[in-house]
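Novice: Build the 3D model from these lines:
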Amino acid sequence: MSNLYWLSEEQMARLQPFFPKSHGRPRVDDRRVLSGIIFFNRNGLRWCDAPKEYDPPKTLYNRWKRWSEMGVFARIFEGLAAEAAEPTTIMIDATYLKAHRTASSLRAKKGGFERLVGRTKGGMNTKLHAVTDTSGRPIRFFMSAGQISDYTGAAALLDDLPTADWLLADRGYDADWFRNALRDKGIKPCIPGRKARKIPIKYDKRRYKRRNRIEIMFGRLKDWRRVATRYDRCPKVFLSAIALAATVLFWL
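Specialist: Numbering: from 1, shown residues only. Below is the predicted model of the structure:
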């Protein structure tokens, strides 16, 4: 197949420090297996449909599941982002990710919070909250059920925000507590006020126009089919798919 994806030797050299140590028998070729995992997630395949050039599907699946549960892909994303991020101006926003029926079963517990899937006007969804650097590259993620507010995501990400001069966000993040918390961290908010405010909020409209970069980032993430549609029941495995996509698209 001419459209197979292969990691380069230079990319593997950047990824290698984050790999867990091999115990016992040596692992199957890391480059071939990881390239197959990336191809699988980008194209939304079933494991049994993985091209034979990568390895037996069981090998790919076992590596993907084991490393996802160990948090390996999340550490790769966080490590590479920390090395190259430009956080002078950061942006925060959230987007809905459609949950497939295989991921949205709520039989285990009413509300489905343990799976981070919730019912919204658009159906069953997971909500991805993200912070990006000045160039619109993701540096932090937080995942919640679809019906959870933007405020909750902002509160979850607040303590982990990098040192920055400005934070750009839409009016969904207009709350006095959030503005005050940002100022306490030395970050100036550039957030339009809600229309219901009696006293209008002044903000830098020219600077605010740069916020479209985080929207572009979400659009690029959703080009990966297993990110745009959630098939995984386990939140940690699904977050690994998001972290892997962000790593390949923005940090390798």
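Novice: going forward, measure contacts between C-alpha atoms and count neighbours the same way
Specialist: OK.
Novice: in a strand, that's where P162 is, yeah?
Specialist: No. Counting by DSSP: H, G, I helix; E, B strand; the rest coil, P162 is not found in a strand; it is coil.
Novice: shouldn't it be in contact with E86?
Specialist: No. P162 lies out of contact with E86 (Cα atoms under 8 Å); the separation is 9.8 Å.
Novice: Helices of the protein, start to end?
Specialist: Counting by DSSP state H, the chain has helices at residues 9-15, 30-43, 57-70, 72-84, 150-158, 176-184, 205-208, 212-221, 225-228, 235-246.
Novice: List the residues that contact the residue lying closest to N43 once chain neighbours are set aside.
Specialist: In this structure, N43 finds its nearest non-sequential neighbour in R225, 5.6 Å apart by Cα to Cα, 6 or more residues apart in numbering. R225 sits next to N41, R42, N43, G44 when contact means Cα atoms under 8 Å, 6 or more residues apart in numbering.
Novice: are any of those buried, and which?
Specialist: Neighbour counting with 16 or more other Cα atoms under 10 Å marks N41, R42, G44 as buried within these.
Novice: need those residues in a markdown table with distance to K195 and pLDDT, can you?
Specialist: Putting the buried ones among the contacts of R225 into a markdown table (distance: Cα to Cα, whole Å; pLDDT from 0 to 100) gives the following:
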| residue | distance to K195 | pLDDT |
| --- | --- | --- |
| N41 | 41 | 95 |
| R42 | 40 | 95 |
| G44 | 41 | 92 |
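Novice: Turn these into JSON lines, columns for distance to R220.
Specialist: Compiled in JSON lines, the buried ones among the contacts of R225 are given as follows (distance: Cα to Cα, whole Å):
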{"residue": "N41", "distance to R220": "14"}
{"residue": "R42", "distance to R220": "11"}
{"residue": "G44", "distance to R220": "15"}
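Novice: quick one: which of those is nearest R137?
Specialist: Nearest to R137 among those is R42, at 18.3 Å by Cα to Cα.
Novice: can you pull the contacts of the closest one?
Specialist: D223, W224, R225, R226, A245.
Novice: Neighbours of the second one, how many?
Specialist: The criterion is other Cα atoms under 10 Å. On that basis, W224 has 22 neighbouring residues.
Novice: what about the residue nearest to it when sequence neighbours are not counted, distance to V117?
Specialist: Distances taken as Cα to Cα, 6+ apart place R42 nearest to W224, at 4.3 Å, with adjacent residues excluded. Separation of R42 from V117 (Cα to Cα, to the nearest Å) stands at 22 Å.
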